[in-house]
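pasted the sequence and its predicted model underneath.
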Amino acid sequence: MACAEPLDENADLFSKRLTTELGPDAHHEPDPRDIWYLNLLHFTTEIAKPDALIDWVAARRRTPIGTTTISSPELVRSDYHPGPRPHMRPGGVRAL
């Protein structure tokens with residue numbers, strides 16, 4: 001999981017726009033955020049050594065990676081595909 005802290009009011013403006021675009025699906029976006037995050041990895045089965053994963057994350061909790069500006073965000077919806085190799089696949093992309 002990567003986490004970002006907003007530097008100005010643009011994150012709040014984006015949050016308001018996201019809430020509008022999501023319409024009835026915006027129930028997780030009721031208030032402005034003080035952090036933004038994204039998951040880079042999704043586990044589809046049990047984690048063999050959960051304590052080791054927790055320790056690894058804790059050791060890297062405050063790793064600075066720099067500053068970035070996202071000029072054209074996209075809203076991506078993923079769909080779950082079950083089977084012998086379950087996975088998530090983008091189901092649609094919409095520019096905001």
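Structure received.

check which element follows the helix of greatest length in the chain along the chain.
Using DSSP state H to define each element, the chain has its longest helix at helix 10-22. Going down the chain from helix 10-22, the next helix or strand is strand 36-38, by DSSP states H and E.

which residues touch that next one?
1, 2, 3, 4, 5, 6, 11 (C-beta atoms under 8 Å, 6 or more residues apart in numbering). All C-beta spots, glycine's among them, are computed from the backbone N, C-alpha and C.

and it, how far out from the chain middle?
On the basis of C-alpha atoms, centre = their mean, to the nearest Å, strand 36-38 sits 4 Å off its chain's mean C-alpha point.

check stretch 80-96 too.
Worked out by C-alpha atoms, centre = their mean, stretch 80-96 lies 15 Å from the chain centre.

just the CA trace of that stretch, in PDB.
Taking C-alpha atoms only, stretch 80-96 is exported to PDB below (Å, rounded to 0.1, in the frame of the first residue of the first chain):
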ATOM      1  CA  TYR A  80     -13.100 -10.000 -10.100                       C
ATOM      2  CA  HIS A  81     -12.500 -13.000 -12.400                       C
ATOM      3  CA  PRO A  82     -12.700 -16.300 -10.400                       C
ATOM      4  CA  GLY A  83     -11.200 -19.600 -11.600                       C
ATOM      5  CA  PRO A  84      -8.000 -21.600 -11.200                       C
ATOM      6  CA  ARG A  85      -6.000 -18.300 -11.100                       C
ATOM      7  CA  PRO A  86      -8.400 -15.700  -9.600                       C
ATOM      8  CA  HIS A  87      -7.500 -12.100 -10.600                       C
ATOM      9  CA  MET A  88      -8.800  -8.600 -10.900                       C
ATOM     10  CA  ARG A  89      -9.100  -7.000 -14.400                       C
ATOM     11  CA  PRO A  90      -9.900  -3.500 -15.300                       C
ATOM     12  CA  GLY A  91     -13.600  -3.400 -16.300                       C
ATOM     13  CA  GLY A  92     -13.700   0.200 -17.500                       C
ATOM     14  CA  VAL A  93     -11.700   3.400 -17.500                       C
ATOM     15  CA  ARG A  94     -13.200   6.900 -17.500                       C
ATOM     16  CA  ALA A  95     -11.200  10.200 -17.600                       C
ATOM     17  CA  LEU A  96     -12.200  12.700 -14.900                       C
END
